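In: Prediction below, plus the sequence it came from.
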Amino acid sequence: MTDTASASAPATTKADWTSDQEPRWCPGCGDYSVLTAMQLMLPELDGRPEDTVFISGIGCAARFPYYMNTYGMHSIHGRAPAVATGLAISRPELDVWVIGGDGDMLSIGGNHLIHAMRRNIDFTILLFNNQIYGLTKGQYSPTSEVGKITKSTPMGSIDQPFNAVSIALGAEATFVARTHDMDRKHMQETFKRAHAHRGSSLVEIYQNCNVFNDGAFGAITKKDKRDSMLIQLTHGEPIRFGSEKEFGVISDHSGNAQVVKVADVGENALIVHDEGSENPSIAFALSRLSSGPYEPTPMGVFREVKRPEYSKNVNQQIEVAKEQNGDGDLYELLRSQPTWVVD
Amino acid sequence: MADTISQPEIREVNRIIVRFAGDSGDGMQLTGERFTSASALFGNDLATLPEFPAEIRAPQGTLAGVSAFQVQVSDHDITTPGDAPNVLIAMNPAALKKELSKLEDAGTIIVNLDTFEERNLKKAGYEENPLETGELSEYTLFQVPMTSLTKEVCKEIEGIKPRDAERSKNFFALGLVSWLYQRPLEPTLDWIEKKFGKSPQVVAANNAAFKAGHAYGETTEAFDYAYEVKPAALEPGEYTNINGNTALSWGLVAAGKLSERPVFLGSYPITPASDILHELAKHKNFGIQTFQAEDEIAAVASSIGASFAGDLALTTTSGPGVALKGEAIGLAFNLELPLVIIDIQRGGPSTGLPTKTEASDLLMAMYGRHGESPIPVIAPYSPGHCFHVAIEACRIALKYRTPVMILSDGYLANGSEPWKLPDVDLLPDISTTFTTEPNHVDEDGNSHFWPYKRDPETLARAWAIPGTPELMHRIGGIEKADGTGNISYDPSNHQKMTDIRQTKVDNIANDMPLTWVEGDLDADVLMIGWGSTWGSIASAVKQARSEGHKVAHAHLIHINPFPKDLGEVLSRYKKVICPEMNMGQLSKLLRAEFLVDVQSLNKVQGHPFTTTELHETILVALGKK
């Protein structure tokens, strides 16, 4: 993420960030709204298209880079975090975004995702979670609910789904947030926060696949449901939701988060959201509050803590090595073992 | 009259083959390396063959736990570690049992007598003590109580732990053999000081054991002769003793300098390739970034990311890792990004023989990816040559924007030879240029950057790296339209792109040397090889020619593409024999490409061909046997 971009960088517009390629997602796909949110948000930051790179894996969401007028790579299934890791270590001044779906990031690429987060590679990961395999035409995914009937599970899925936020917290991520494709403003605010963070930022986006899993998040993201079903996390404030803010979240005696009526417990009993808590336990408890997008579900930033981003340490070691041993000299390297001369 | 010690006679010999063998914990690799290093500094030519078990510590005293190190030392140019050792140092009964069959007829055996007791004999599978049954009568046998003599001389050392004293017995053996072959003592004593300087007791114990071993040879009158090998008349120059993995690592460091690109290595530990990761990690002062990834796929994928960023990107592995990297290598090939993949081959398939050498990944390197994805393949022929192959691979990768596979193997990786240091100023310039301006103007006069616009000569595509204003572009694994690089599902475009990528790689043949052939131009028999078989083939051909037979040796460094005169070269000979440490992979390629009836000679036994085996094959082919 760019430290060098000057304050005088010319202002950009949406058009500057939009490539000449026409998006080829299904009409009505949630991916469009994420793309638009991104293209509208980037001009509000100080970055330049030439210093910005989008790296994706395979899947519907992974076509995203083609539509951005930045540098980009549509790589192979699951490997986007690994490709982006090499890029971000090698060129810390670049602004790197990693794009993938729930299959790409949590199934075939799960290993790379968790290791990128524990290393705190400096990039922003957008995890488009639609709880289905779209590009392969409708098999269940690692986030599909138990019992999901799909082409590959005609009698219902028997797999326990992953919770992406729980995984990110467990994988030592330093920034973890959730947003959804029905609220452009919320997406943009979340992307901005994620982008501003140094290190790995994971943003889970609840994204509707209107062809193979339509309405998967409708029970919580429809306009008339949001007040009662979305719990906006705001740093430093008691966690409350509902049209009258009549509900709140407490930590019970076992440390589990629990939805309560504020009137029953009083506001002082509520969890005051602390993004910066070194201990991720409460953030984790919040991530477990809903077992799926049909119960009140937290949105926003679960956690943001400071830890050195990876490339900084990599390059620091290089600087120390140069200080200790001088700039590498090939002539000397060849003579670093005992040598002898034949006349 | 003064007392006189009768000094043994010193006989001059032109070469010796020594094999150190003992338990995994006995330090035989270190002992062999020290003997080698002292010989190298003395000016001999040499070649080594370390052989060790896959287990870090196999059960003590068993056949499975035997670790051995063979070295040939000579006063003339040699290319192999030798076939049958002249002397076997056996530190325990298991070593004797396992290694005896390799010893030359009537050869010399030096055993550590202290270990030939009931328990160890039983573990090695001896029902009776072979030192007492007379079964070794055809050999010259020296029974030396190395453990007890070492403990004895270490007694005086203040504060020494009994375990450290006992562990120094390998230096006693080294001292004895150093005397037997009149090696200089200083290099070993210097090394001990440097290596163990932090613990004075260990320095003292190793020094004492080493000197005691030496004195034992000199004074006991057990030995009638000591032997001397004069320095070899090597080409003038400065030399170091180097193994293949170190040479390869230095070649990669050099390639970074020569290309003026930062080096990025994405790697995952695997035998026998890990030492390259270790070596490069030591040279961060060259600006090298080493990244130990979470798995083989992330290792290559991170390198692809670094390559996209503009680095000289590398990944090191062995066969199982190449298998895992296959899809990503296909991506790099399709993206047309530079990437060097280093495969230090080992016995396979699956875990196979991780610490033993084999060269059976050739067809995987050639074809082990989905789709039409030909990548350049090059193979070093000796430990020192690994340095130059590393640079050549990077040159091709950068110039042609393609993944390149280096096929080394466990034998080259761990074996060493005296290597003449190259003149740094004469190494090739392998720098490349990035595109920094739009390279295409459309009909309306608008400028664009076309990432797949090509150099008409090399067919290499334009390479612009992130951070370059105006040249933003997207690349991906989906087939691209020629020129623009935009997604294209057009069938005829796919044919065109497939043809272009193939032609680009084929044409590298115009940019590399012709086939390397040595020996008799008018021979009927050609022995052709690739990789580490060079030493054995060169040695066998040399022997046959010294006996008056006509034979030629071709050795391939570039395997894909082949040198452009290779077909013509093969057609000159009535018989073409191809020895390989696999079941006939190069033979298949040569037959398919040139319709030549190549005679395949195969060996997958975990160690290289012997000179004797190949010499015999030549004689049979010539009808002389």
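Out: It's in.
In: tell me which parts of the stretch 451-600 of chain B are close to chain A?
Out: Contact residues, the stretch 451-600 of chain B versus chain A (CB under 8 Å from any CB of the partner chain): B:466-478, B:486-487. Placement of C-beta: from N, CA and C, glycine included.
In: rerun that using 6 Å as the cut-off
Out: By CB under 6 Å from any CB of the partner chain, the residues of the stretch 451-600 of chain B that approach chain A are B:Pro466, B:Gly467, B:Pro469, B:Met472, B:Arg474, B:Ile475, B:Gly476, B:Gly477.
In: Widest-spaced pair of these?
Out: Distances among those were taken as CB to CB; the most separated pair is B:Pro469 and B:Gly477, at 26.4 Å.
In: For those two, work out which one has more neighbours and name it.
Out: Between B:Pro469 and B:Gly477, counted using other CB atoms under 10 Å in any protein chain shown, B:Gly477 has the larger neighbour count: 20 against 11.
In: Skip the chain neighbours and tell me the closest residue to the more buried one.
Out: The shortest distance from B:Gly477 to any non-neighbouring residue, by CB to CB, 6 or more residues apart in numbering or on different chains, is to B:Leu331 (5.0 Å).
In: cool, B:Glu138 as well?
Out: B:Ala106 (5.8 Å).
In: Quick check: chain neighbours aside, which residue is closest to the closest residue to chain A within the stretch 451-600 of chain B?
Out: Per CB to the nearest CB, B:Gly476 is where the stretch 451-600 of chain B lies closest to chain A, at 2.9 Å. Excluding its sequence neighbours, the residue lying closest to B:Gly476 (CB to CB, 6+ apart) is A:His74, at 2.9 Å.
In: What residues are bridge-paired with that neighbour?
Out: A:His74 has the following beta-bridge partners by DSSP bridges: A:Ser56, B:Gly476.
In: chain center to the biggest helix by length in chain B: distance?
Out: The helix that spans the most residues within chain B, counting by DSSP state H, is helix B:200-219. Remark: helix B:200-219 is offset 32 Å from the chain centroid, using CA atoms, centre = their mean, to the nearest Å.
In: Tell me the helices and strands packed up against it.
Out: On a contact count with 3 or more CB pairs under 6 Å, 6 or more residues apart in numbering or on different chains; DSSP states H and E, helix B:200-219 meets helix B:146-154, helix B:162-167, helix B:169-180, helix B:186-196.
In: could you give the mean pLDDT of the shortest one?
Out: What helix B:162-167 shows for mean pLDDT is 88.
In: State the three-state secondary structure for A:Ala177.
Out: strand (DSSP: H, G, I helix; E, B strand; the rest coil).
In: same question, B:Ala21
Out: Per three-state DSSP, the secondary structure class of B:Ala21 is strand.
In: That one and chain A: what is the separation?
Out: Between B:Ala21 and chain A the distance is 26 Å, computed by CB to the nearest CB, to the nearest Å.
In: Surely the residue nearest to B:Gly477 touches B:Ile475?
Out: No - with contact defined as CB atoms under 6 Å, B:Leu331 and B:Ile475 do not form a contacting pair (9.7 Å).
In: Mind checking which of the two has more residues around it?
Out: B:Leu331 (27 against 24).
In: What count of nearby residues applies to B:Thr498?
Out: Number of residues near B:Thr498 (other CB under 10 Å) recorded here: 15.
In: I misspoke; the intended subject was B:Gly548.
Out: The burial count for B:Gly548: 7, using other CB under 10 Å.
In: Which of the three states applies to it?
Out: coil.
In: per-residue confidence for it?
Out: For B:Gly548, the predicted pLDDT is 97.
In: Name the surrounding residues that touch stretch A:36-53.
Out: Applying CB atoms under 6 Å, 6 or more residues apart in numbering or on different chains, the external contacts of stretch A:36-53 come out as A:2, A:5, A:9, A:12-14, A:16-18, A:69-71, A:94-96, A:184, A:187-188, A:191, B:466-467, B:469, B:472.
In: State the number of residues packed around the closest residue to A:Gly47 other than its chain neighbours.
Out: Among residues not flanking A:Gly47 along the chain, A:Asp95 sits closest, at 5.0 Å (CB to CB, 6+ apart). Other residues within reach of A:Asp95, judged by other CB under 10 Å, total 26.
In: and stretch A:40-47, how far apart are its ends?
Out: 13 Å (CA to CA, to the nearest Å).
In: Going by neighbour count, list what's buried in that stretch.
Out: A:Met41, A:Leu42, A:Leu45, A:Gly47 (16 or more other CB atoms under 10 Å in any protein chain shown).
In: Quick check: which element contains the first one?
Out: Here A:Met41 is covered by helix A:30-41, with elements defined by DSSP states H and E.
In: follow-up on the earlier one: by how many degrees do the longest helix of chain B and helix B:169-180 diverge?
Out: Here helix B:200-219 points in a direction 40 degrees away from that of helix B:169-180 (axes from the mean of the first three to the mean of the last three CA atoms, to 10 degrees).
In: partners of the following helix or strand past helix B:200-219 in the sheet?
Out: Downstream of helix B:200-219, the first helix or strand assigned by DSSP H and E is strand B:225-228. Strand B:225-228 sits in its sheet next to strand B:9-12 (parallel), going by DSSP bridges.
In: Which residue, other than its chain neighbours, is closest to the residue nearest in space to the middle of chain B?
Out: By CA atoms, centre = their mean, chain B has its centre lying nearest to B:Leu412, at 1.4 Å. Among residues not flanking B:Leu412 along the chain, B:Gly244 sits closest, at 3.6 Å (CB to CB, 6+ apart).
In: Quick check: phi and psi on the one you found?
Out: B:Gly244 has phi and psi values of phi -60, psi -40 when expressed as degrees, to the nearest 10.
In: So residue 285: helix, strand or coil?
Out: If you meant another chain, say so; for now it's chain A. Classified using three-state DSSP, A:Ala285 is helix.
In: mind listing the helices for chain A?
Out: Using DSSP H, helices in chain A cover A:30-41, A:80-90, A:102-103, A:110-119, A:164-170, A:184-196, A:218-221, A:223-229, A:262-265, A:281-287, A:310-325, A:330-333.
In: rewinding a little: and the one helix or strand the residue nearest to B:Gly477 maps to, what's buried?
Out: Per DSSP H and E: B:Leu331 is located in helix B:319-335. Buried residues in helix B:319-335, counting neighbours by 16+ other CB under 10 Å, are found at B:319-335.
In: Over to stretch A:175-186?
Out: Buried, per 16+ other CB under 10 Å, within stretch A:175-186: A:Phe175, A:Val176, A:Ala177, A:Arg178, A:Thr179, A:His180, A:Asp181, A:Met182, A:Asp183, A:His186.
In: for those, which one is nearest B:Ser382?
Out: Of all the buried residues of stretch A:175-186, B:Ser382 sits closest to A:Phe175, with 51.3 Å by CB to CB.
In: Apart from its neighbours in sequence, what residue is nearest the closest one?
Out: A:Ser201 (3.8 Å).
In: for the longest helix of chain B, what is the average pLDDT?
Out: pLDDT averaged over helix B:200-219 gives 94.
In: Just want the angle from that helix to helix B:186-196.
Out: Going by the same axes, to 10 degrees, helix B:200-219 makes 160 degrees with helix B:186-196.
In: how near is the residue nearest to A:Phe284 when sequence neighbours are not counted to B:Asp409?
Out: Once flanking residues are discounted, A:Phe284 sits nearest to A:Leu169: 4.9 Å by CB to CB, 6+ apart. Separation of A:Leu169 from B:Asp409 (CB to CB, to the nearest Å) stands at 45 Å.
In: Pick out whichever of these two has more residues nearby.
Out: B:Asp409 (30 against 23).
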